[in-house]
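[1] Show me the folded form of this:
(one chain, ligands or ions: 1)
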Amino acid sequence: MTINWFPGHMAKARREIENNLKKVDVVIEITDARIPYSSKNPMMDKIVKSKPRIVVLNKMDLADPKETNRWVAKLKTRGVYPIPLNSRETNILKKIEPIVREATQEIFDRMIARGIKPRPIRAMIVGIPNVGKSTFINSMVRRKSAKTGNTPGVTKTQQWIKAGNIIELLDTPGVLWPKFEDQTVGLKLSLTGAIKDTVVPLDEVAIYGMNYLIKEDKNTFDAFYKISNYDESDVLSIYDAIGMSRGMKLPGNEIDYEAVTNRIIHDIRNGTIGRYTFDKVEILDEN
Ligand SMILES: Nc1nc2c(ncn2[C@@H]2O[C@H](COP(=O)(O)OP(=O)(O)OP(=O)(O)O)[C@@H](O)[C@H]2O)c(=O)[nH]1
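    Numbering: from 1, shown residues only. This next block holds a predicted model:
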């Protein structure tokens, strides 16, 4: 989904979420496990305020498992309920149900104490674009594609959809804007596919990712591209090595640098090279 986030859009998105918040018991915030800090909306804490919040570290299959564990531990100290997930799996309901129960225990204890028969727990999904909100909803309700209300003339009525026996979800997720304030955050959002390619220069994205991987895990990077003997402080030297190794040449035998850029981004974004986390937990204390 492409949205240009102008102040008017931001205000509208925020208002919609604030209205929906009144109807739910718990908020399920979807983030990207590779960038749990950069894929959060900057105002989420203010917007959600006092509702219990589950933070899904989605796309865990693409993130470094050690770093994901560190994020879970850290987020637990911040008053939210973190859970790593791969929303493409079919059994996520089983993983979500216990944490939804835990997050809403007080509300339901109160209902029971007042003699009210417990009703389904109502939840809304929020997150920035492309973190996997629709995939999560579809997987929770076990259907193939998310319903959309974009057909002209079709009245958009908001619906509750049942996810298993104890949860009801608002069928449309709240889409919020990503963080824009920091250039590195922009590079990470682009590297993981959360923002559209044209927003950030692609070669900068590729160079950022490449340097990060070489710093973190040079052996894997070299083995993946079958390269050696390059100067790691010189971007062109690395590009030349990859281009040569992969036979990415233009007519006239020059290296096709654009193809190398696209290749690197593709390989990192899809996890073909390996599982990496670009936000380390320490970033929370620095900001
Ligand atoms: N590897 C992996 N891919 C995922 C996971 N969840 C979602 N995806 C993929 O991520 C992409 C974006 O997923 P969507 O569900 O469309 O994301 P969204 O947040 O609804 O996106 P918007 O509609 O743009 O707000 C799709 O290609 C999904 O298949 C996951 O847990 N692991």
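
[2] Count the neighbours of Glu232 for me.
    Using other Cβ atoms under 10 Å, Glu232 has 15 neighbouring residues. All C-beta spots, glycine's among them, are computed from the backbone N, C-alpha and C.

[3] actually Gly8, not the one I typed
    For Gly8, the tally of surrounding residues (other Cβ under 10 Å) stands at 8.

[4] do Lys23 as well
    11.

[5] Make residue 1 into 542 and carry on from there
    Okay, using 542 as the starting number, the last item reads as Lys564.

[6] who touches it in this structure?
    Contacts for Lys564 were tallied using Cβ atoms under 8 Å, 6 or more residues apart in numbering; they are Arg663, Met665, Leu711.

[7] That one - that's part of a helix, no?
    No. Assessed with DSSP: H, G, I helix; E, B strand; the rest coil, Lys564 is coil; it does not lie in a helix.

[8] how close does it sit to Met551?
    For Lys564, the distance to Met551 under the criterion Cβ to Cβ, to the nearest Å works out to 21 Å.

[9] And Ser628, by the same measure?
    The spacing between Ser628 and Met551, counted by Cβ to Cβ, is 26 Å.

[10] who has more neighbours, these two?
    It is Ser628, of Ser628 and Met551, that has more neighbours when counted by other Cβ under 10 Å, with 22 against 15.

[11] Show me which residues of whichever strand or helix holds Arg651 are buried.
    Using DSSP states H and E, Arg651 falls within helix 646-654. Within helix 646-654, the residues that count as buried by 16 or more other Cβ atoms under 10 Å are Phe649.

[12] Pull the residues that contact that helix.
    Under the contact criterion Cβ under 8 Å, 6+ apart, helix 646-654 has outside partners Asp566, Arg642, Lys658, Pro659, Arg660, Ile662.

[13] What sits closest to Lys592 if chain neighbours are left out?
    Across the structure, with Cβ to Cβ, 6 or more residues apart in numbering as the measure, the residue nearest Lys592 apart from its sequence neighbours is Val568 (5.2 Å).

[14] what do you get for Ala554?
    Once chain neighbours are set aside, the closest to Ala554 by Cβ to Cβ, 6+ apart is Leu717, at 5.7 Å.

[15] how far away is Pro719 from the ligand?
    Plainly put, Pro719 is 11 Å away from the ligand if you go by Cβ to the nearest ligand atom, to the nearest Å.

[16] Actually, Pro577.
    Counting by Cβ to the nearest ligand atom, the gap from Pro577 to the ligand is 13 Å.

[17] by contact count, what packs against the host helix or strand of Thr725?
    Assigned by DSSP H and E, Thr725 falls within helix 724-732. In terms of contacts (3 or more Cβ pairs under 8 Å, 6 or more residues apart in numbering; DSSP states H and E), helix 724-732 is packed against helix 743-766, helix 798-810.

[18] What are the phi and psi values at Ile624?
    phi -150, psi 120 (degrees, to the nearest 10).

[19] does it really touch Ile637, like I thought?
    Yes. Using Cβ atoms under 8 Å, Ile624 is in contact with Ile637, at 7.1 Å.

[20] Could you name every residue contacting both of the two?
    Residues within reach of Ile624 and of Ile637 at once, by Cβ under 8 Å, 6+ apart, are Ile595.

[21] more neighbours, the two?
    Between Ile624 and Ile637, Ile637 has the larger neighbour count (other Cβ under 10 Å), namely 23 against 20.

[22] Next, count neighbours for the residue nearest to Ala554.
    Around Leu717 there are 23 other residues, counting by other Cβ under 10 Å.

[23] Now do the same contact list for it.
    Contacts for Leu717 (Cβ under 8 Å, 6+ apart) come out as Ala554, Arg555, Ile558, Asn582, Met584, Met585, Ile588, Val667, Gly668, Ile669.

[24] ok, 6 Å please
    Ala554, Asn582, Ile669 (Cβ atoms under 6 Å, 6 or more residues apart in numbering).

[25] need those in JSON lines with secondary structure, can you?
    Putting the contacts of Leu717 into JSON lines (three-state DSSP) gives the following:
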{"residue": "Ala554", "secondary structure": "helix"}
{"residue": "Asn582", "secondary structure": "coil"}
{"residue": "Ile669", "secondary structure": "coil"}
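
[26] Let's have the residues you listed in CSV, adding distance to the ligand and neighbour count.
    As requested, the contacts of Leu717 are arranged in CSV below (distance: Cβ to the nearest ligand atom, whole Å; neighbours: other Cβ atoms under 10 Å):
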residue, distance to the ligand, neighbour count
Ala554, 11, 20
Asn582, 12, 24
Ile669, 7, 26
